[in-house]
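Novice: Could you work out the structure for the sequence below:
(chains A and B)
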Amino acid sequence: MAAGVAAWLPFARAAAIGWMPVANMPMPVAPSEKNKRQDELIILNVSGRRFQTWRNTLDRYPDTLLGSSEKEFFYNEESKEYFFDRDPDVFRSVLNFYRTGKLHFPRYECITSYDEELAFFGIIPEIIGDCCYEEYKDRKRENAERLMDDQEDNKDAKLPNMTFRETMWRAFENPHTSTMALVFYYVTGFFIAVSVITNVVETVPCGSSPNQKEVPCGERYTVAFFCMDTACVMIFTVEYLMRLFAAPSRYRFMRSVMSIIDVVAILPYYIGLVMTDNEDVSGAFVTLRVFRVFRIFKFSRHSQGLRILGYTLKSCASELGFLLFSLTMAIIIFATVMFYAEKGSSSSKFTSIPASFWYTIVTMTTLGYGDMVPKTIAGKIFGSICSLSGVLVIALPVPVIVSNFSRIYHQNQRADKRRAQKVQKARLARIRISKTGSAVQSSAFLHSKRNGLFNEALELTSSIDEDQRLSKSTSLLESQHHHLLHCLEKTTNHEFVDEQYYQQSYLEAGMQNYPSRSPSLSSQDGVTGTCCTRRSKKHHKPLPNTSAPAHIPPLKHTHQLGLQELSTIHIQPLSTSRSSLNMRVDEQAPLNCQSSQITTAIISIPTPPVTTPEGDAHLPAGPAHQNVVKVSAL
Amino acid sequence: MLSMNLEGLEMIAVLVVVVLFVKVLERFGLLEAGYDDSVEDELELSAVRHRPEGLEQLEAQTRFSRKELQILYRGFKNECPSGIVNEETFKEIYAQFFPQGDATTYAHFLFNAFDTDHNGSVSFEDFVMGLSILLRGTVQEKLNWAFNLYDINKDGFITKEEMLDIMKAIYDMMGKCTYPVLREEAPRQHVEVFFQKMDKNKDGVVTIDEFIDCCQNDENIMRSMHLFENVL
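Specialist: Okay, here's the model as predicted:
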């Protein structure tokens, strides 16, 4: 129960007086508060800073250090206070947890020191309130990643007995490990640059002999360029093969992006070697040369920034996709509008809507080439609207997208992690509920009810022992809350049961008629253990009509015989099915005659008795009287 | 002329498209259509604060000792720092004690019973007066309070409809998973029983005198009235 609400329990119990005149059954006895001390202030001295609070505040969470007797180990006799040699700043949060029931994580606090303090005081971090939980988890994850990074750095230290292959792989991955690796790194970088420059220069028109037209350098110095290309491709091939050899998992290496780039970079050359003779496919061969530009991507091995950019683009794909989609929408709309606006004018370039796309894109990105311009007035009006909205649609989000990169990047990461956290958090929420919440509160009530019933059945008159037994297992607060719920049960003549038993009873009530009778009997009378006292009262008239119209006065006398059995029967139902209840009742001799009465009664009634919860609201009147009449006749 | 007409038509069509485009943008929220005035709500909430009367006065008006009043106030203030409980908070607090069922209806009736001056909020004085009657009052006063709770429209008579409402609210608190399974007519039957017991002259309503008379003759009820005396 929440800490603050515990203070309202006296109010809820007092308000229960509102149920008393309505209830037809006597109320259970209230738990007594024998050990009720006057609430006192206790002093907690944490490294010199004194905190004071009520003892009751600390007792709210008995499974932590401060709430249990563990704090007695820290009691200082001379100064009559509890001394803790811990951080007083973090202790503030800890003490606030007791006061308010919510654990907060201050942002300025270091995550490891906070964790340590929580562990010391026996508080599990999952209790951190929703307001601070995300922050806490983020910081914790960052810390874990940092630790992992540190470990990986240490891993890079040269381990003894590394095979040649492993050394090579390490050299490739991290060029700073040895001089050879560094040399290799720079050499490959140089050759990539050379290769790219070669490709570029190949197409520049070189000075030509006056009688010929300008030719690109590639055609003029074919041999030189060919040699350069061959050299670069040699180097790249050797590098690729070496990486392939050194890779710990060749299959994974071959699937990685970098290796694919490598392959794509050197393939055109080999294909060109193979295909030089065939003139038909030389056109395709030329196209293949385009792929040589992919060699520039090999630089991403050398540049961390490129890799991060590629990664962020990949993770921003959804945002970019949405931008593209909205842009396409706007382009289509404006192209359509421009086409129809310009349709009337003669010699207009806007020959079709797709043709207008070009104009729209150029205008919206504020490029404005001027190769297509609207001529009609309507076209000019819409053209200006198009360019203005282009500014809005494209120019404004671009800086936003730039800042979105980091935000989206973190957000994407956080969304995935939140999903993973949610799975874990659901589990943790269940743990949380089991400590402080309501789900097991009710099952705790049911559990203690079972214990309490058993005690009640065994000792009808002595209530003191029962209280003792109750208060041993549950705190005073819990027992008072349970008493309150018990009073409600008595008022309405129904009991709280847990989900599975409810399902069970619902299903089985439809199937078997007989058992629906006996448990209802036991539930009414066996449970309370006071049916004997009630028997002696004259005012038992209300009882038959409240929950079971089929309750028959003549049967009540059997209760004195089987009181204990009945209550034990009732305690079992949570684990046994009704059919076994059925059998148990049959076993007992005192009830046999009664059972025969009941069976006859049931046989004579074609429709199921009213106590089955089949939602037949129309049945009660008729069969109820029938039941009563028939059984009393027996 | 025909071409002019066509042009005009096209213009209109184009204009319609543009208007639709603008409307679509508005729908997507890209164009602000209204201005939220939720700022005023904030001010209203913060303005309401209540300080109770002095301790001596409350001591005189209720039957609680000074210490008990202190404990009560501390708990009260903890949950409601503004000093008053409105119905929502009240329902939330009360619902926490009955996790399996729905306690809001009953909490509503309870709230009306505590809010004696019917101003929509329960201050600490109302709270403590109510508790004083419930915990330290005579049986007569307690029964009076219970009658007041049942009498929803405070006309001095409990009708069957009022009692049915109260009964349904109580049964709602039990929730779904009960044993035996809660049926639709259970509250109604309970009300019938109640009226049979209480309504002596069978006129369909229960007056305060009938109620108190009947309760005083019922041992069960009498005993249960003293059940919560040691709550504080």
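Novice: right, and residue B:121 touches residue B:88 too?
Specialist: No - with contacts counted by CB atoms under 8 Å, residue B:121 stays clear of residue B:88, the gap being 10.4 Å. Using the backbone N, CA and C atoms, a C-beta is placed for each residue, glycine as well.
Novice: For those two, indicate the residue with more neighbours.
Specialist: More crowded of residue B:121 and residue B:88, by other CB atoms under 10 Å in any protein chain shown: residue B:121, with 20 against 11.
Novice: What about the residue in chain B that chain A sits nearest to, how many residues nearby?
Specialist: With CB to the nearest CB, the shortest gap between chain B and chain A falls at residue B:75, namely 2.7 Å. Neighbourhood size, residue B:75 [other CB under 10 Å]: 19.
Novice: With residue A:299 instead?
Specialist: Considering only other CB under 10 Å, residue A:299 is surrounded by 15 other residues.
Novice: residues contacting it?
Specialist: Applying CB atoms under 8 Å, 6 or more residues apart in numbering or on different chains, we find residue A:299 in contact with A:189, A:192, A:306.
Novice: quick one on the thing from earlier: next one: phi and psi at the residue of chain B closest to chain A?
Specialist: Main-chain torsions, residue B:75, degrees, to the nearest 10: phi -60, psi -40.
Novice: Once you drop chain neighbours, what's closest to it?
Specialist: residue A:7 (2.7 Å; CB to CB, 6 or more residues apart in numbering or on different chains).
Novice: Looks like the one you found contacts residue B:73 (just checking).
Specialist: No - in this structure, residue A:7 is not within contact of residue B:73 by CB under 8 Å, at 10.0 Å.
Novice: Give me the helices and strands touching the helix ranked longest in chain B, please.
Specialist: Longest helix in chain B, counting residues (DSSP state H): helix B:2-27. Counting contacts by 3 or more CB pairs under 8 Å, 6 or more residues apart in numbering or on different chains; DSSP states H and E, helix B:2-27 packs against helix A:317-342, helix A:377-390.
Novice: tell me how far that helix is from the chain's mean position?
Specialist: Centroid separation between helix B:2-27 and its chain, computed with CA atoms, centre = their mean, to the nearest Å, is 56 Å.
Novice: For stretch A:91-111, output the C-alpha coordinates as CSV.
Specialist: Output in CSV follows, covering the C-alpha atoms of stretch A:91-111 (Å, rounded to 0.1, in the frame of the first residue of the first chain):
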residue,chain,number,x,y,z
PHE,A,91,20.5,9.5,1.9
ARG,A,92,18.1,12.4,1.3
SER,A,93,16.6,10.5,-1.6
VAL,A,94,16.5,7.3,0.4
LEU,A,95,14.7,8.9,3.3
ASN,A,96,12.3,10.7,0.9
PHE,A,97,11.4,7.3,-0.4
TYR,A,98,10.1,6.3,3.0
ARG,A,99,8.2,9.6,3.4
THR,A,100,6.5,9.7,0.0
GLY,A,101,6.7,6.2,-1.2
LYS,A,102,8.5,7.3,-4.4
LEU,A,103,12.1,6.9,-5.0
HIS,A,104,13.7,9.6,-7.1
PHE,A,105,17.0,9.6,-8.8
PRO,A,106,18.7,13.1,-8.7
ARG,A,107,20.3,14.0,-12.0
TYR,A,108,23.5,15.3,-10.6
GLU,A,109,24.2,12.1,-8.8
CYS,A,110,26.7,9.5,-10.0
ILE,A,111,25.0,6.3,-11.0
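Novice: Which positions within it qualify as buried?
Specialist: Across stretch A:91-111, burial judged by 16 or more other CB atoms under 10 Å in any protein chain shown covers A:91, A:93-95, A:97-98, A:101-105, A:109, A:111.
Novice: Show me which of these is closest to chain B.
Specialist: So of these, ranked by how close each gets to chain B (CB to the nearest CB), first place is residue A:101, at 9.8 Å.
Novice: ok, now how distant is that closest one from residue A:248?
Specialist: According to CB to CB, to the nearest Å, residue A:101 stands 52 Å off from residue A:248.
Novice: doesn't residue A:52 fall inside a helix?
Specialist: No - according to DSSP: H, G, I helix; E, B strand; the rest coil, residue A:52 belongs to no helix; its state is strand.
Novice: and it, what does it touch?
Specialist: Going by CB under 8 Å, 6+ apart, residue A:52 touches A:41-44.
Novice: who wins for neighbours among those?
Specialist: Highest neighbour count within those: residue A:44, with 21 neighbours (other CB under 10 Å).
Novice: just the strands in chain A please.
Specialist: In chain A, the strands defined using DSSP state E lie at A:41-46, A:49-54, A:75-76, A:81-84, A:205-206, A:215-216, A:495-496.
Novice: Quick check: can you name the pairing partners of the last one and their directions?
Specialist: Within its sheet, and counting by DSSP bridges, strand A:495-496 is paired with strand B:178-179 (antiparallel).
Novice: Any idea how far the partner strand is from the middle of the chain?
Specialist: 25 Å.
Novice: can you check stretch B:172-180 too?
Specialist: 20 Å.
Novice: Residue B:53 touches residue B:128, doesn't it?
Specialist: No - counting by CB under 8 Å, residue B:128 is not a contact partner of residue B:53; they are 9.9 Å apart.
Novice: ok, the two, which is more surrounded?
Specialist: residue B:128 (23 against 13).
Novice: Remind me which helix or strand the more buried one belongs to.
Specialist: helix B:124-136 (DSSP states H and E).
Novice: what sits against the residue most central in space within chain B?
Specialist: By CA atoms, centre = their mean, chain B has its centre lying nearest to residue B:108, at 2.1 Å. Listed by CB under 8 Å, 6+ apart, the contact partners of residue B:108 are B:87, B:91, B:169.
Novice: The nearest residue to residue A:71 once chain neighbours are set aside - how many residues pack around it?
Specialist: Leaving aside its chain neighbours, residue A:71 sits nearest to residue A:82 (5.5 Å; criterion: CB to CB, 6+ apart). Residues lying near residue A:82 (other CB under 10 Å) number 19.
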